[in-house]
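> just need the structure, nothing else, for what follows:
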Amino acid sequence: MKLLSLNCPNCNGPLKMVKEGTFYCQNCDSEFMADYDKDDVEYQKMKAEAELRKQQLNLAESGAAERARKAKDQFKIKLIGMAVGFIILLIIVVPTVVVTLKTQREAQEAYMQQQREREERQEAEAREREERLKQEEEERLAQEAAERQAILESYRLSTDEIVADSFFTENTNKTFLVQLWDNTNLFYDNWKWNEQPEYITSFFLTAKDEDDREQNILISIYKIHWDKEYEDRTEHYVMYDGACFYNISRNEDGTIRSDYAPDSLTYNSEIVANQFLSGYTDYDQLIRQEIYGNADYEYVEFTMPQDID
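Reported below is the predicted structural model:
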């Protein structure tokens, strides 16, 4: 490729390229064409090829950029779609969750309210039951107190009232004698009653503790005569024994209440001439032990009527 002067051959003024291969003089405005030789043609070809490759590369780069842009746009679209979907999901789900949570909270609050009301109702019922039981207990105690008072009133007897009830004294004397006979426990046939038991005295014992149901005890003491017979003689012995009536009280008509079922005064027995005899050989010992020995009772001595045949 030849190097050509860029000055105007006419006026030697500077040349300016108008387009590829065309120049004009800035002084005289003359135009000139470039004279290309073979090397210039090759150069232009190479330049054109380079330009083509450049354009192709630019096109390729433009295509890649376009594809990248499209991929980026698609990615953005996907992101937007996901965001929209997420927003839609939130729009749908969040209210549902809120409603569900609200419903659950309301249901829980309703359950708790029902639970509180049930507990309050149970507490109220428990209080009412406690009050009712307390009232019933108070009524029961009051009734028992009234009954106990009535019983105590019926137990408050005097010896004059006991003696005045002839039916009571007569039956008491008879059952006393039966009790004395039942208390006999003989081992030998040569023992027998010498005569009817001899009545000595009676004691009326009243318990000091008013809550004790065995308030009154009626005790009568008898002198019992025993004979032990031998072939050639008869020996005479004396024992002191008696019987007790418990819970003596007054009927509404003023008469004395009793079941006429006396118990033995004592289970004391003594050996007399090789025979066990119920009672005491010493009268004073019987009184000390069976009457004075009842420290929980107050006693009054009196005499029962003895007009029984």
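> C-alpha from now on. contacts and neighbour counts both.
Will do.
> which stretches of the stretch 201-309 of the chain form strands?
Assigned by DSSP state E, counting those that start in this stretch, the strands in the stretch 201-309 of the chain fall at 216-229, 234-246, 249-250, 256-257, 263-264, 269-272, 275-278, 297-302.
> okay, those in TSV with mean neighbour count, distance to Asp284 and mean pLDDT next?
Converted to TSV, the strands of the stretch 201-309 of the chain look like this (neighbours: other Cα atoms under 10 Å; distance: least, Cα to Cα, whole Å; pLDDT from 0 to 100):
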stretch	mean neighbour count	distance to Asp284	mean pLDDT
strand 216-229	20	12	91
strand 234-246	20	10	91
strand 249-250	21	29	86
strand 256-257	18	30	90
strand 263-264	18	18	82
strand 269-272	14	15	86
strand 275-278	20	16	84
strand 297-302	16	14	92
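> for those strands, give me a markdown table that also has distance to Asp182.
Below are those laid out as a markdown table (distance: least, Cα to Cα, whole Å):
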| stretch | distance to Asp182 |
| --- | --- |
| strand 216-229 | 13 |
| strand 234-246 | 11 |
| strand 249-250 | 25 |
| strand 256-257 | 23 |
| strand 263-264 | 9 |
| strand 269-272 | 14 |
| strand 275-278 | 11 |
| strand 297-302 | 25 |
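> quick one: which of those strands is nearest Arg121?
Nearest to Arg121 among these is strand 249-250; the distance by Cα to Cα comes to 51.0 Å.
> separation between Gln149 and Arg250?
Using Cα to Cα, to the nearest Å, one gets 13 Å for the distance from Gln149 to Arg250.
> please apply the same query to Ile256.
5 Å.
> same question for Asp29.
Asp29 is 170 Å from Arg250, by Cα to Cα.
> can you check Glu198 too?
For Glu198, the distance to Arg250 equals 28 Å [Cα to Cα].
> likewise for Val163?
Here the distance between Val163 and Arg250 works out to 13 Å (Cα to Cα).
> joint contacts of the two?
Common contacts of Val163 and Arg250 (Cα atoms under 8 Å, 6 or more residues apart in numbering): none found.
> burial measure for the closest residue to Thr255 other than its chain neighbours, as a count.
Nearest residue to Thr255, sequence neighbours excluded (Cα to Cα, 6 or more residues apart in numbering): Asp165, at 6.2 Å. Look at Asp165: counted by other Cα atoms under 10 Å, it has 13 neighbours.
> what's the helix or strand for Phe167?
Following DSSP states H and E, one finds Phe167 within helix 166-182.
> cool, and Arg148?
If you go by DSSP H and E, Arg148 is part of helix 38-155.
> what are the buried residues along the next helix-or-strand element following that helix?
Counting by DSSP H and E, the next helix or strand C-terminal to helix 38-155 is helix 159-164. Residues 159, 162-163 are the ones in helix 159-164 that count as buried (16 or more other Cα atoms under 10 Å).
> make JSON lines from these and add pLDDT and distance to Asp296 to it.
What follows is the buried residues of helix 159-164, written out as JSON lines (pLDDT from 0 to 100; distance: Cα to Cα, whole Å):
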{"residue": "Thr159", "pLDDT": "92", "distance to Asp296": "19"}
{"residue": "Ile162", "pLDDT": "91", "distance to Asp296": "21"}
{"residue": "Val163", "pLDDT": "92", "distance to Asp296": "24"}
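> would a markdown table of these with distance to Gly293 be doable?
Output for the buried residues of helix 159-164, formatted as a markdown table (distance: Cα to Cα, whole Å):
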| residue | distance to Gly293 |
| --- | --- |
| Thr159 | 21 |
| Ile162 | 23 |
| Val163 | 25 |
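> and which of those is nearest Ile291?
Of all these, Ile291 sits closest to Thr159, with 16.3 Å by Cα to Cα.
> ok, which of the strands of the stretch 201-309 of the chain comes nearest Pro95?
strand 249-250 (88.1 Å).
> just how off-centre is the closest one within its chain?
Relative to its chain's centre, strand 249-250 lies at 48 Å (Cα atoms, centre = their mean, to the nearest Å).
> stretch 245-252 now?
48 Å.
> picking up where we left off before, how near is the residue nearest to Thr255 to Ile248?
For Asp165, the distance to Ile248 - Cα to Cα - is 12 Å.
> between those two, what contacts are shared?
Common neighbours of Asp165 and Ile248, using Cα under 8 Å, 6+ apart, are Ile256.
> and Asp227, what are its bridge partners?
Here Asp227 sits in beta bridges with Lys192, His236, as judged by DSSP bridges.
> so it sits right up against Met239, yeah?
No - look at Asp227 against Met239 with Cα atoms under 8 Å: they stay out of range, at 11.1 Å.
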